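In: whatever this is, show me its structure:
(one chain, ligands or ions: 1)
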Amino acid sequence: MINHLNRKEFLRLLSLFVSGSLLNPQQLLANTSDYSGFSKADFGKDFLWGVSTAAYQMEGAFQEDGKSNSIWDTFTQKHRHIKDGTTGDVACDFYHTYSSDIDLVKSLNMKVFRFSTAWSRVLPNGIGRANQKGIDFYHRVIDKCLENNLQPWLTLYHWDIPQVLQDKGGWMNREVIDWFSEYTYLMTKSYGDKVKDWIILNEPTAFTVVGYGVGVHAPGIRGVNHLLPTIHHAAICQAEGGRIVRSNVKNANIGTTFSCSHVMPLRNFEKDHIAVERWDALLNRLFIEPSLGLGYPISSLPFLKNIDKHIKDGDMEKLVFDFDFIGVQNYTREVVKNIWYIPYMHGLEINPAKRGATEYSELGWEVYPESLYETLKRFSSYKAVKKIYVTENGFARQDELIDNKVHDIQRVNYFKSYLAQMLRAKNEGVKVGGYLCWTLLDNFEWREGYKPRYGLVYVDFKTQQRILKDSAIWFQNFLM
Ligand code: BGP
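Out: Next up is the predicted model:
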């Protein structure tokens, strides 16, 4: 006789077996949550599945057909800030291989291809005269998606402002609002007839704090005095971009994405709980709350107080935009501890390995699927959020090619456990409309270079050969 638990386990294993993913039962059992015997049908027939990508991380062709340098070209070439000394000069060469790469997306039974446009490719001077060859490239990408029955999701800004604009202060200069508006206007006028799904910014907290506060991403600028105007200008652009898309694109579905994490205290101490509040405000609230008319979370994050200096009359209204959806991008959780001497944050995220996390990625990020559930619940608790898409989620490891195959069972397990948590949230009423995994191809992972591989598809960077990993095959079967 099969008791309740065994029966559940049995059905789960059976469904995994049928979907072709039961490669090693031992490993499978190691990292799946309770809630896992699911199929594509459980998510509903309108649920969208796809992949997310970003221009600098995969296009290459950094000086081709009139493209100028972006801050990432400068950052990687001049300063050698990248751990393995590499650049995105060639990356996955997507500029030339886009057609077969988009065929790959189709072959995985995905419905959405999310990509970003490189501002420096379409407007080499940042503003002014458009570069027709750059504009044509994205027409080719979009047309290829449409031919394949894929929805092209266009991200306007994935961290690569043109260097010419950075020379004038980049995001620190209030003029960026005009520059970004001009760029957005051009993109909507060029592609608005074909592209209906628009993402204004990719993870504004990440590109402002890491690029203009901590300085370990491009453009490598440090200090709170640089960071505060950057945050305010990016938050205005987020809403302004939305307004431009709304007025130029008929039936547009407009969103913006946030890097989000479930933040927990290391110890059940009051001070750690207060540290959680600060980190949570920085990681989860900083950009969504102004867009909803709630202002900046200054009371939870006191260092934001001086942002007032940069706020002009009428700005608080300009920060607000009625997005059709919010993109949440979650990889892990953060466990924080109060540490008084850490400037501004007075607390620190504790390294998962040091606090005994049992499984973590190549980047040291803990595998913690419940973080996606908590994030979805959290963002859906804002009444004005109409719909949520998971616009990034994925797992980095050092994949090895053996006999032309990549057995990335850990990544398969990662996806399964996170999808289970997404379904749990969906079944509890969260309006989550789709899931885009990070990412299609192994690519240039910012300051980490090429060592951590995130792709569903393995890339041999010497030959640019593509090989489907087991995780790609898992999605292919799951989405059949
Ligand atoms: C997100 C970015 C992506 C991608 C991903 C992986 O924050 O939007 O561009 O890089 O994270 O992150 P990381 O490179 O930090 O591992």
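In: going forward, measure contacts between C-alpha atoms and count neighbours the same way
Out: OK.
In: can you mark which positions in stretch 455-471 are buried?
Out: For stretch 455-471, a neighbour-count test (16 or more other CA atoms under 10 Å) marks 455-459, 466-471 as buried.
In: pLDDT score for Ser299?
Out: As predicted, Ser299 sits at a pLDDT of 98.
In: likewise for Ser19?
Out: Listed pLDDT for Ser19 reads 31.
In: re the thing from before, which ones among the buried residues of stretch 455-471 map onto helices?
Out: Among these, the residues falling in helices (DSSP state H) are 470-471.
In: Ala275 contacts Ile342, correct?
Out: No - look at Ala275 against Ile342 with CA atoms under 8 Å: they stay out of range, at 11.0 Å.
In: neighbour count for the two, which is higher?
Out: A count of neighbours by other CA atoms under 10 Å puts Ala275 above the other of Ala275 and Ile342, at 29 against 10.
In: may I have the secondary structure class of that one?
Out: helix (DSSP: H, G, I helix; E, B strand; the rest coil).
In: OK, contacts around it?
Out: 265, 336-338, 345-347 (CA atoms under 8 Å, 6 or more residues apart in numbering).
In: and if you look at Phe113?
Out: 50-53, 102, 105, 145, 150-153 are the contacts of Phe113 under CA under 8 Å, 6+ apart.
In: any idea how far it is from Thr53?
Out: 8 Å (CA to CA, to the nearest Å).
In: one more: Lys106?
Out: Taking CA to CA, one finds Lys106 at 15 Å from Thr53.
In: between these two, who's got more neighbours?
Out: Thr53 (26 against 19).
In: which residue, other than its chain neighbours, is closest to the more buried one?
Out: Leaving aside its chain neighbours, Thr53 sits nearest to Phe115 (4.9 Å; criterion: CA to CA, 6 or more residues apart in numbering).
In: the one you found pairs with what?
Out: Bridge pairing for Phe115 (DSSP bridges) gives the partners Leu154.
In: please begin residue numbering at 870 from this point
Out: Yes, from this point I'll number from 870; that puts the last item at Phe984.
In: from Gly997, how far off is it?
Out: Counting by CA to CA - Phe984 and Gly997 are separated by 24 Å.
In: spatially central residue in this protein, please.
Out: The centroid of the chain falls nearest to Glu1261 when counting by CA atoms, centre = their mean (4.4 Å).
In: for the residue nearest to that residue when sequence neighbours are not counted, name its beta-bridge partners.
Out: With CA to CA, 6+ apart as the criterion, Glu1261 has its nearest non-adjacent residue at 4.5 Å, and that residue is Gln1198. Beta-bridge pairing for Gln1198 (DSSP bridges): Ser1128, Glu1261.
In: what's the burial count for Gln1198?
Out: For Gln1198, using other CA under 10 Å, the count is 26.
In: ranges for the helices of the stretch 970-1119 of the chain?
Out: Per DSSP state H, counting those that start in this stretch, the stretch 970-1119 of the chain carries helices over the ranges 988-991, 1001-1016, 1032-1035, 1045-1060, 1073-1074, 1080-1081, 1093-1117.
In: mind checking these for the one nearest to Phe1127?
Out: Closest to Phe1127 of these is helix 1073-1074 (CA to CA; 6.8 Å).
In: tell me the mean pLDDT over the closest one?
Out: pLDDT averaged over helix 1073-1074 gives 98.
In: ok, now stretch 978-993?
Out: On average, stretch 978-993 scores 99.
In: what do you get for stretch 916-925?
Out: 98.
In: what of stretch 942-952?
Out: 88.
In: quick one: end-to-end length of it, please.
Out: 15 Å.
In: distance from that stretch to the middle of the chain?
Out: Stretch 942-952 has its C-alpha centroid displaced from the chain centroid by 22 Å (CA atoms, centre = their mean, to the nearest Å).
In: what's that stretch in contact with?
Out: 931, 954-958, 1032, 1085-1089, 1315-1318.
In: okay, the residue nearest to Glu1261: pLDDT?
Out: Listed pLDDT for Gln1198 reads 98.
In: and it, what does it touch?
Out: Counting by CA under 8 Å, 6+ apart, Gln1198 makes contact with 1126-1129, 1259-1262.
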